[in-house]
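[1] fold the following for me, if possible:
(chains A and B)
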Amino acid sequence: MLNLRFIQENPELVIEKLKKKNFDASEIVGEISELYKKKNEIQSSADQVKAEMNKLSKEIGQLFREGKQAEANVAKERTSVLKDSIKQLDEDFAKIDEQVFELQVQLPNIPCDLVPAGKTPEDNEIVKTGGEMVDLGENKLPHWELASKYDLIDFELGVKLTGAGFPVYKGKGSRLQRALINFFLNEAVEAGYLEIQPPLMVNEDSGFGTGQLPDKEGQMYHVTEDNLYLIPTAEVPVTNLYRDVIVDAKDLPIKNTAYSACFRREAGSYGKDVRGLNRLHQFDKVEVVQVAHPDKSYAILDEMVAHVEGLVQKLGLPYRILRLCGGDMSFTSALTYDFEVYSAAQEKWLEVSSVSNFESFQANRLKLRYRDEQTKKPVVAHTLNGSALALPRIVAALLENNQTADGIKVPEVLVPFCGFDTIN
RNA sequence: GGAGAGAUGGCAGAGUGGUCGAAUGCGGCGGUCUUGAAAACCGUUGAUCUUCACGGAUCCGGGGGUUCGAAUCCCUCUCUCUCCGCCA
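    Model (predicted):
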């Protein structure tokens, strides 16, 4: 969420910048401004009355100790007016504070200047294309057919056990998954990330901290009995490690990586987008998260993009990197790069990673700060994260792109992890 | 699931109605001493809101109440720990 003071001091800027996200903030910002002024007025009145009350209470205590009962009782009578007034002011304050907060959380993050204008995915900017496109010829099979041909993934069994979108991986299919997870984690650890194994369920506070709640409630599986949410990404528990934390400036950047299963309800998805591995309710992903000094966060974003690029290159997949346009970006992001790999049988690009700088948007919610070395004061940090990588679509592309008449070739980098070089 | 205990500053831990944003210890920071370091000693060390500033207000798990006055008393919720049961 955006800082209140920042909104108050830069209303025009906020409105102008949010236009790029196709968000008309003028009404909300206007209301916030008005309420904020009122809030300050109430607070200053309340503070004054409270100060008087505190003073009076001390005097009464003093009188009692001196045994001046009568004087004390006279003074007591004067407090009742103050008391009522405090109660009223506190109520008004709480109400208006709540109103401001509700408006505040409705404002999306401000996109950074690099973000291209646009409304739909077609407006995203392709910043780089890499890897070799393969020509599979006539007999190419989509990954779901390959998965069934080599008995790697059983979608029907998943339906039997749970429902659509919960595939069962078998044999070399399962081992390939495990190999990818290990490969990705090793690469991240080598790049200096600390490996974390987070809980797969989080509470409401954590959901709020990273921005899933309150708005995207419907995207997460909710265990109502215990009021816990299944994580849609390891970003949620890992970033929330730093909720309500003030870190030393010298500990920045903090680099964490985590493998986790991810759970998404994907309400509203339908059609051929959900075929095979293209869109699942449960999938595996390795995530990288960083907590950064504000001055460094954009350099770090580039570093993270380079890390993810290294992964797809090592896997030998044709890829492209997109800079998301204002209309396609998430609510919380200031700048996002998406990675897509080309799935040669489906003949389409599949999103496999999203790397974002949230600047202080999450950190404001999280109360995640670092202590400035000069001023010794807490300053809100920046947070970033990226998939490195999400497995299903990587698997889809690997199966499709590497298919031959004799079987599916496994990328060399994965062979040490899975123990075979061909699926046949 | 049953029974009990507890939640205080970075950590440990005191505080059962006013002088308590809170003793003390550890840790952190600055200094003295030292060739340097350690030890010792001295000082310092929470956050938020508000104000140009002085200052003021709020915060002892969350919410509510009693009182002139609450970390302290009452109600309620949440969470944690211990023991028993069950169990990977």
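
[2] secondary structure element holding whichever residue of chain A sits closest to RNA strand B?
    Nearest residue of chain A to RNA strand B, counting by CB to the nearest atom of the strand: A:G61, 3.0 Å away. For glycine as for every other residue, the C-beta is placed from the backbone atoms N, C-alpha and C. Assigned by DSSP states H and E, A:G61 falls within helix A:26-65.

[3] next secondary structure element downstream of that helix?
    helix A:69-104.

[4] pretty sure A:S360 contacts A:H293?
    No - contact status for A:S360 versus A:H293: not in contact, 11.3 Å apart, counting by CB atoms under 8 Å.

[5] now do the contacts for the closest residue in space to A:D92 that isn't next to it in sequence.
    Once flanking residues are discounted, A:D92 sits nearest to A:I42: 5.3 Å by CB to CB, 6 or more residues apart in numbering. By CB atoms under 8 Å, 6 or more residues apart in numbering, A:I42 lies in contact with A:L89, A:D92, A:F93, A:I96.

[6] what's the answer for A:G163, then?
    Contacts of A:G163 by CB under 8 Å, 6+ apart are A:H281.

[7] that one - that's part of a helix, no?
    No - with DSSP: H, G, I helix; E, B strand; the rest coil as the criterion, A:G163 is located in coil rather than a helix.

[8] what about A:T224, distance to A:E217?
    Using CB to CB, to the nearest Å, A:T224 is found at 12 Å from A:E217.

[9] so between those two, which is more surrounded?
    Taking neighbours as other CB atoms under 10 Å, A:T224 and A:E217 compare with A:E217 leading, 13 against 6.

[10] can you name the residues of the stretch 1-150 of chain A sitting close to RNA strand B?
    A:4-5, A:40, A:43-44, A:46-48, A:50-51, A:53-58, A:60-61, A:64, A:76, A:79-80, A:83, A:94 (CB under 7 Å from any atom of the strand).

[11] count the neighbours of A:D406 for me.
    By other CB under 10 Å, neighbour count at A:D406 equals 8.

[12] same question for A:E34.
    By other CB under 10 Å, neighbour count at A:E34 equals 11.

[13] now A:A306
    So A:A306, with other CB under 10 Å, has 11 neighbours.

[14] all helices for the stretch 151-300 of chain A, in order.
    A:155-161, A:171-190, A:204-209, A:235-240, A:297-314 (DSSP state H, counting those that start in this stretch).

[15] can you redo those helices as a markdown table with distance to A:T383 and mean pLDDT?
    Below are those laid out as a markdown table (distance: least, CB to CB, whole Å; pLDDT from 0 to 100):
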| stretch | distance to A:T383 | mean pLDDT |
| --- | --- | --- |
| helix A:155-161 | 34 | 94 |
| helix A:171-190 | 17 | 97 |
| helix A:204-209 | 10 | 91 |
| helix A:235-240 | 6 | 95 |
| helix A:297-314 | 8 | 97 |
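
[16] among these, which is the most enclosed?
    helix A:235-240 (a mean of 27; mean count of other CB atoms under 10 Å).

[17] what's in contact with it?
    For helix A:235-240, using CB under 8 Å, 6+ apart, the contacting residues are A:196, A:198-200, A:202, A:205-207, A:209-210, A:212, A:231, A:256, A:258, A:260, A:287, A:289, A:362, A:366, A:383, A:385.

[18] of these, select the buried ones using a PyMOL command.
    Of the contacts of helix A:235-240, the buried ones go into a single PyMOL selection, burial set by 16 or more other CB atoms under 10 Å:
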select buried, chain A and resi 196+198+200+202+206+207+209+210+212+231+256+258+260+287+289+362+366+383+385
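
[19] who's in contact with the most centrally placed residue in chain A?
    Closest residue to the average C-alpha location of chain A: A:T210 at 5.0 Å, with CA atoms, centre = their mean. With contact set as CB under 8 Å, 6+ apart, A:T210 has these partners: A:E235, A:V236, A:T239, A:N240, A:T332, A:Q362, A:R365, A:L366.

[20] report the separation between it and A:V168.
    On the measure of CB to CB, A:T210 and A:V168 end up 30 Å apart.

[21] and if you look at A:G218?
    26 Å.

[22] who has more neighbours out of the two?
    A:V168 (16 against 10).

[23] so how far is A:N182 from that one?
    Counting by CB to CB, the gap from A:V168 to A:N182 is 20 Å.

[24] equivalent analysis for A:G211, please.
    For A:G211, the distance to A:N182 - CB to CB - is 30 Å.

[25] I am finished for the moment; much appreciated.
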